[in-house]
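*Asks:* Quick check, what structure comes out for this input:
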Amino acid sequence: MTPTSAVTLTVDRCPVCGEPTPAEARWWTLKSHHRISEGELEYCASGCGCLVVLVNGEIVKSIPAARR
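*Replies:* Numbering: from 1, shown residues only. Model (predicted):
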């Protein structure tokens, strides 16, 4: 048995709003994917409800869940 002081809980946070979630949870869901002249465009929703728009894997727009 591991002593309580040696147990660390892994928690990830949303990069948009900072909402915590267990690391093993499915956090991002791809909603849409398109090829555009600049490359790959993706729309993703987080587990907390935030939305992000990515171009070639880089976040170019984010909308916190509280603003939707």
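
*Asks:* residues near Thr29, how many?
*Replies:* 10 (other C-beta atoms under 10 Å). In short, each C-beta sits where N, CA and C put it, glycine included.

*Asks:* Sheet-wise, list the partners of the host helix or strand of it with their directions.
*Replies:* Element membership for Thr29, per DSSP states H and E: strand 28-36. Sheet pairing for strand 28-36, assigned by DSSP bridges, gives strand 39-46 (antiparallel).

*Asks:* on contacts alone, who are the packing partners of the helix or strand following the partner strand?
*Replies:* Sequence-wise, the next helix or strand downstream of strand 39-46 (DSSP H and E) is strand 51-55. Judged by 3 or more C-beta pairs under 8 Å, 6 or more residues apart in numbering; DSSP states H and E, the packing partners of strand 51-55 are strand 39-46, strand 58-63.

*Asks:* quick one: which of those strands is nearest Lys31?
*Replies:* With distances scored as C-beta to C-beta, the stretch of the helices and strands packed on strand 51-55 nearest to Lys31 is strand 39-46 (4.5 Å).

*Asks:* Next, the angle strand 58-63 makes with the closest one.
*Replies:* Per axes from the mean of the first three to the mean of the last three C-alpha atoms, to 10 degrees, the angle that strand 39-46 makes with strand 58-63 is 40 degrees.

*Asks:* Please work out the average pLDDT along strand 39-46.
*Replies:* The average of the pLDDT scores along strand 39-46 is 95.

*Asks:* now what about that strand, what contacts it?
*Replies:* The contact list for strand 39-46, computed with C-beta atoms under 8 Å, 6 or more residues apart in numbering, reads 14, 16, 19, 27-35, 51-57, 65.
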